[in-house]
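Student: Pasting a predicted model and its sequence here:
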Amino acid sequence: MKTHLRRFRFDRNELSQAQLAERVAVSRQTIIAIERGDYSPSVKLALQLARVFDTTVEQLFELESSDVG
């Protein structure tokens with residue numbers, strides 16, 4: 001899964017990983033893992049992240065061809 005979370009953080013007032021983590025009640029390490037692609041967020045967390053950036057889950061995350069199958 002490809003994530004655009006880092007780009008959204010910088011495009012939207014340069015929100016730090018720690019600030020974003022606080023807003024969605026997870027650890028900074030969770031945000032780091034999501035941005036690296038090491039962790040796929042739950043549906044609930046993905047929706048919370050989208051809400052923070054006033055966007056859709058589809059704009060934050062996208063499936064790669066290797067994910068379909």
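Tutor: Done, it's in.

Student: drop to CA atoms for contacts and neighbour counts, all remaining ones
Tutor: Fine.

Student: quick one, helices of this structure?
Tutor: With DSSP state H, the ranges of helices along the chain come out as 5-11, 17-24, 28-36, 43-52, 57-60.

Student: would you list the ones you listed in a markdown table and tack on distance to residue 67 and mean neighbour count?
Tutor: What follows is the helices of the chain, written out as a markdown table (distance: least, CA to CA, whole Å; neighbours: other CA atoms under 10 Å):
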| stretch | distance to residue 67 | mean neighbour count |
| --- | --- | --- |
| helix 5-11 | 18 | 16 |
| helix 17-24 | 26 | 16 |
| helix 28-36 | 16 | 17 |
| helix 43-52 | 16 | 15 |
| helix 57-60 | 15 | 16 |
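
Student: quick one: low-confidence parts of the protein?
Tutor: Flagging of the chain using pLDDT under 70 yields the residue ranges 69.

Student: want to throw the helices of the chain into JSON lines with distance to residue 66?
Tutor: Listed next are the helices of the chain as JSON lines, based on distance: least, CA to CA, whole Å:
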{"stretch": "helix 5-11", "distance to residue 66": "20"}
{"stretch": "helix 17-24", "distance to residue 66": "27"}
{"stretch": "helix 28-36", "distance to residue 66": "17"}
{"stretch": "helix 43-52", "distance to residue 66": "20"}
{"stretch": "helix 57-60", "distance to residue 66": "17"}
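
Student: what's the nearest residue to the residue nearest the centre of the chain if we skip its chain neighbours?
Tutor: When CA atoms, centre = their mean is applied to the chain, the residue found nearest the centroid is residue 5 (4.2 Å). Once its chain neighbours are removed from consideration, residue 5 has its nearest residue in residue 60; the separation is 5.7 Å (CA to CA, 6 or more residues apart in numbering).

Student: Outside of stretch 4-11 itself, which residues are in contact with it?
Tutor: Under the criterion CA atoms under 8 Å, 6 or more residues apart in numbering, residues 15-17, 34-35, 53, 59-61 lie in contact with stretch 4-11.
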